[in-house]
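**Q** Take this sequence and fold it.
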Amino acid sequence: MAKVYNLNGEVIKEIELPPCFSMEYRPDLINKAVKIMRANRRQPYGAKKDAGHYVAWSFGPGRGMARVPRLPTGRAAIAPGTVKGRRAHPPKVEKIWGRRINKKEMLLARLSALAATANESLVRQRGHKFNVDELPVIVEDKFEELKKVKEVVDVLNKIGVGEDIERARNGIHIRAGKGKRRGRKYKKAKSLLIIAANTENIKKAAGNLPGVDVISPDEMNVEYLAPGGHAGRLTLFTLNAMQKIGEKYGSI
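**A** Numbering: from 1, shown residues only. You can find the predicted model right below:
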């Protein structure tokens with residue numbers, strides 16, 4: 001049984017969780033599924049095939065020197081064994097980065113990650129901060145109608161999960177390394193995942209909160225439920241969304 005909260009943070013009733021929340025925890029499948037989803041998003045890249053091949057040439061035989069490409073000054077260039085020479089086997093555009101996975105494996109990974117959202121020890125291991133009696137957190141459907149950020153934050157604080165958003169806000173920091181000048185300057189923690197049947201209003205109200213993602217049951221995948229392949233994300237369901245999940249995965 002799971003508790004259902006109203007917008008004041010009070011328990012109004014209890015419901016029975018769908019059978020999919022009792023699935024076995026499979027970190028191997030979850031990690032595999034996330035890696036494959038990331039691989040399938042990779043953009044092919046590679047060096048130009050004749051890049052730098054016009055600045056040097058071989059002097060040919062009969063000079064008593066190695067037949068490597070050279071500059072007019074006689075300095076060797078271009079060849080992989082020379083200073084600042086080309087790579088012997090550079091990345092090629094033809095390489096296929098995408099990977100495949102069995103449909104049943106992907107489904108099992110998704111359900112296992114979903115069940116992990118109700119495992120308090122796994123959620124705390126991910127570093128989430130919350131103050132609720134039990135997981136998962138389920139809220140009445142009026143939550144989907146909220147249109148203001150202030151209202152959403154107020155409800156989350158009353159339920160006991162608002163502290164995790166502050167954790168994500170305080171965890172924003174500048175990335176180490178070259179990535180900071182490649183369009184990903186800041187590292188941001190993932191906080192609350194909100195799954196609602198109707199996301200039209202709540203996505204506008206909660207979508208800009210630090211680390212918060214708002215999705216519908218149809219958009220639910222392993223990466224949302226287990227960012228980075230680490231299961232146990234703090235998740236809030238609306239009652240209607242939980243019913244849809246039960247209808248979709250109830251017979252599995």
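
**Q** Flag the shaky bits of the stretch 151-252 of the chain, pLDDT-wise.
**A** Across the stretch 151-252 of the chain, the stretches falling below the confidence threshold (pLDDT under 70) are 251-252.

**Q** give the contact list for Glu134.
**A** Listed by Cβ atoms under 8 Å, 6 or more residues apart in numbering, the contact partners of Glu134 are 2-3, 120. The way it works is simple: take the backbone N, C-alpha and C, and place the C-beta from them, glycine included.

**Q** Kindly recompute the last result at 7 Å.
**A** Taking Cβ atoms under 7 Å, 6 or more residues apart in numbering, we find Glu134 in contact with 2-3.

**Q** ok, it to Asn221 distance?
**A** Note on Glu134: its distance to Asn221, by Cβ to Cβ, to the nearest Å, is 25 Å.

**Q** ok, now Ala189?
**A** Here the criterion is Cβ to Cβ. By it, Ala189 lies 20 Å from Asn221.

**Q** Those two: which is more packed in?
**A** Each of Ala189 and Asn221 had its neighbours counted (other Cβ atoms under 10 Å), and the higher figure belongs to Ala189 (19 against 16).

**Q** Pull the contacting residues for Lys142.
**A** Taking Cβ under 7 Å, 6+ apart, we find Lys142 in contact with Leu7.

**Q** Mind pulling the model confidence for it?
**A** Lys142 carries a pLDDT score of 95 in this model.

**Q** The one 3 residues further on too?
**A** According to the prediction, Glu145 has pLDDT 94.

**Q** Quick check: it touching Glu200?
**A** No: counting by Cβ atoms under 7 Å, Glu200 is not a contact partner of Glu145; they are 9.5 Å apart.

**Q** Return the residues in contact with the closest residue to Pro27 other than its chain neighbours.
**A** With Cβ to Cβ, 6 or more residues apart in numbering as the criterion, Pro27 has its nearest non-adjacent residue at 6.4 Å, and that residue is Ala231. Taking Cβ under 7 Å, 6+ apart as the definition of contact, the neighbours of Ala231 are 27, 30, 113, 116, 122, 225.

**Q** switch the cut-off to 10 Å
**A** Neighbour list for Ala231: 25-27, 30-31, 34, 109, 112-117, 119, 122-123, 125-126, 222, 225 [criterion: Cβ atoms under 10 Å, 6 or more residues apart in numbering].

**Q** just Lys95 next, same as before
**A** The contact partners of Lys95, by Cβ under 10 Å, 6+ apart, come to 42, 44-46.

**Q** Can you tell me how far it is from Arg87?
**A** 14 Å.

**Q** Do a quick rundown of the strands in the stretch 101-250 of the chain.
**A** Remark: strands assigned in the stretch 101-250 of the chain by DSSP state E, counting those that start in this stretch are 137-139, 173-174, 186-187, 193-195, 213-215, 235-238.

**Q** How far away from the center of its chain is stretch 234-252?
**A** A distance of 21 Å separates the C-alpha centroid of stretch 234-252 from that of its chain, computed with Cα atoms, centre = their mean, to the nearest Å.

**Q** What residues of that stretch count as buried?
**A** 234-246, 249 (16 or more other Cβ atoms under 10 Å).

**Q** again with stretch 149-160
**A** The neighbour-count criterion (16+ other Cβ under 10 Å) identifies 152-156, 159-160 as the buried residues of stretch 149-160.

**Q** Can you lay out those as a markdown table showing distance to Ala168?
**A** Output for the buried residues of stretch 149-160, formatted as a markdown table (distance: Cβ to Cβ, whole Å):
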| residue | distance to Ala168 |
| --- | --- |
| Val152 | 14 |
| Val153 | 13 |
| Asp154 | 18 |
| Val155 | 17 |
| Leu156 | 12 |
| Ile159 | 17 |
| Gly160 | 16 |
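
**Q** so which of those residues comes closest to Arg181?
**A** Val153 (33.3 Å; Cβ to Cβ).

**Q** Surely that closest one and Ala205 touch.
**A** Yes: using Cβ atoms under 10 Å, Val153 makes contact with Ala205 at a distance of 9.3 Å.
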